[in-house]
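Student: requesting a structural model of the entry that follows:
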Amino acid sequence: MNEILSVRNLNKHFTEPEDFHVLKNINFSIQKGEFVSVVGKSGCGKSTLLYLLSTLDTNYTGEIFIGGEKVSGMKHKALAAFRNEHIGFVFQFHFLLPEFSALENVMIPAQKAGKFPLSEIKDRAYEKLKLLDMHEHAHKLSSRLSGGQAQRVAIARALINEPSIIMGDEPTGNLDSANTQTVFQILKDLSSSGKQTIITVTHDSEFAANCDRIIEMKDGEIIGDEKMR
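Tutor: Below you'll find the predicted structure:
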């Protein structure tokens, strides 16, 4: 496998209401196609780390490389374009636009990228919904979807630009056990294909145990890094 992401001497401080060193000298790398879960108790810094890796937060010291390209210090406009093309993000809550259909929600990142005509974007979005067995709901308003269905649409949206990395912040946190298993299997299949690398933050020990690798954090530091298979 080839290295897809690397982190060097990553440090993060919160300054309000007083200085707090939330991430301390973080170093690791992730290979293309790996399915990695970051675990640890609430407040250990795992979600903060994910937001730095996803380039949603740029206030840190150290270096982050994605696909061999240094994203640390990249200008805002260039970074936004890079993120839209190379990173798909799945939140704990799906954040679908309720007035739009499932298909329209999936299309949004591709429309923002502006690389393909609208007709092709629609076809691509439909194919992503089909991949997640949601194509029969393509024209249903997202506000009328169940929680599990909405989260699958959110994954399809994260996939529309064929990103090299999918990042998830508790992507199954609001789902029941059946839907959790469905979403896990979808993510597992995506990583097994070798096309996508999956990085998730989770409190679900069973979810983490079935990933390829577990990175454990405590008090802003990595205390464990174990390959599960």
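Student: any weak-confidence spans in the protein?
Tutor: For the chain, the stretches with pLDDT under 70 are 1, 194.
Student: this protein: helices as residue ranges?
Tutor: Using DSSP state H, the helices assigned to the chain run over residues 46-53, 76-86, 102-113, 118-131, 147-159, 177-192, 205-209.
Student: what bridges to the spatially most central residue of the chain?
Tutor: Centroid check for the chain by C-alpha atoms, centre = their mean gives residue 167 as the closest residue, at 1.4 Å. On the basis of DSSP bridges, residue 167 is bridged to residue 89, residue 199.
Student: my guess is it contacts residue 200. True?
Tutor: Yes - because the distance of 7.3 Å satisfies C-beta atoms under 8 Å, residue 167 is recorded as touching residue 200. In short, each C-beta sits where N, CA and C put it, glycine included.
Student: follow-up on the earlier one: let me know which of the helices of the chain is the nearest to residue 94.
Tutor: For those, proximity to residue 94 was assessed by C-beta to C-beta; helix 147-159 is nearest, at 4.0 Å.
Student: what residues of that closest one count as buried?
Tutor: By 16 or more other C-beta atoms under 10 Å, the buried positions in helix 147-159 come out as 148, 149, 150, 151, 152, 153, 154, 155, 156, 157, 158, 159.
Student: equivalent analysis for stretch 29-43, please.
Tutor: 30, 32, 33, 34, 35, 36, 37, 38, 39, 40.
Student: wait, isn't the last one in contact with residue 49?
Tutor: No - with contact defined as C-beta under 8 Å, residue 40 and residue 49 do not form a contacting pair (9.6 Å).
Student: so what sits against both of these two?
Tutor: residue 217 (C-beta atoms under 8 Å, 6 or more residues apart in numbering).
Student: CA-only coordinates of stretch 23-30 in CSV, if you can.
Tutor: What follows is stretch 23-30, C-alpha atoms only, in CSV (Å, rounded to 0.1, in the frame of the first residue of the first chain):
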residue,chain,number,x,y,z
LEU,A,23,-3.0,17.8,20.9
LYS,A,24,0.6,17.0,21.8
ASN,A,25,3.3,16.1,19.3
ILE,A,26,1.1,13.8,17.2
ASN,A,27,3.0,11.7,14.6
PHE,A,28,1.6,8.8,12.4
SER,A,29,0.9,7.8,8.8
ILE,A,30,-2.0,6.0,7.1
